[in-house]
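S.K.: I'd like to go over a predicted model; first the sequence, then the structure.
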Amino acid sequence: MCGRFTLTTDLEQLEERFSFHAANRLFTPRYNIAPSQAVLTIIGDEKGNRGGLLRWGLIPSWAKEAAIGNRMINARAETVAEKPSFRRALQKRRCLILADGFYEWRQEGKKKTPTFITLASREPFAFAGLWETWRPPDGEAIHSCTIITTTPNTLMESIHNRMPVILAREAEVAWLDRTITEPEKLLPLLVPYPETVMEAYEVALTVNSPQNDSPACIAPLQ
């Protein structure tokens, strides 16, 4: 699964890299993004790429309550085209979720060691995401999202049995293309990212609490 990640890259650099304009300029670096928090995403439409904030934890449009989103922070690539919670979003509501690193916890016996995983280049990247709009009986609509996960590459398999789908640059365009709706064209994009361009290192237990959100979270463990 993917339960925490980072986005510390400057907003102007993100806009240039992903060819979008952020409507909300109040972006601050995040070192410990957790479920239910707002995440920076990109959605494609007829006017181009549109950046905005979505709540992490997808709430299906048919849900009776928002709490279901707490259990839907991830969607498995192997079943995303079949699950009622995700199959329509796969066809019509795909997004990029921007990041520059993520955390997993390596378990050895009863001990869990937090590990930070990033690209060796330290460049930002995009998770494959899905989004939905949920309208409660009263109150404002909630726009939410989920991160798709896949099987681990050789770097990740010693850390965890899943990893988030990091889209290749050429796959980002297809993922945002709303004219593509066929699962057989989309599912081949949801593959493990090459381990040769990634790196991982252990970090302190500071990251265990979502209340900690500082550069200390990504500092290599001494």
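M.R.: It's in.
S.K.: Neighbouring strands - and their directions - for the worst-scoring helix or strand of the chain on mean pLDDT?
M.R.: Counting by mean pLDDT, DSSP states H and E, the chain has its least confident helix or strand at strand 21-22, which shows a mean of 79. Strands that pair with strand 21-22, judged by DSSP bridges, come out as strand 48-56 (parallel).
S.K.: Report the buried residues of the strand it pairs with.
M.R.: Neighbour-count burial for strand 48-56 flags 49-56 (criterion: 16 or more other C-beta atoms under 10 Å). Placement of C-beta: from N, CA and C, glycine included.
S.K.: other SSEs contacting the helix or strand following that strand?
M.R.: Moving toward the C-terminus from strand 48-56, the next helix or strand (DSSP states H and E) is strand 74-76. Applying 3 or more C-beta pairs under 8 Å, 6 or more residues apart in numbering; DSSP states H and E, one finds that strand 74-76 contacts strand 142-150.
S.K.: run the last query once more with 10 Å
M.R.: In this structure, strand 74-76 makes packing contacts with helix 87-92, strand 125-134, strand 142-150, judged by 3 or more C-beta pairs under 10 Å, 6 or more residues apart in numbering; DSSP states H and E.
S.K.: Nearest spatial neighbour of residue 156, chain-adjacent residues omitted?
M.R.: Take residue 156 and drop its neighbours on the chain: the residue closest to it by C-beta to C-beta, 6 or more residues apart in numbering is residue 163, 4.4 Å away.
S.K.: Run through the residues that contact that neighbour.
M.R.: Listed by C-beta atoms under 10 Å, 6 or more residues apart in numbering, the contact partners of residue 163 are 1-2, 102, 104, 117, 149-153, 155-157, 192-193, 195, 198.
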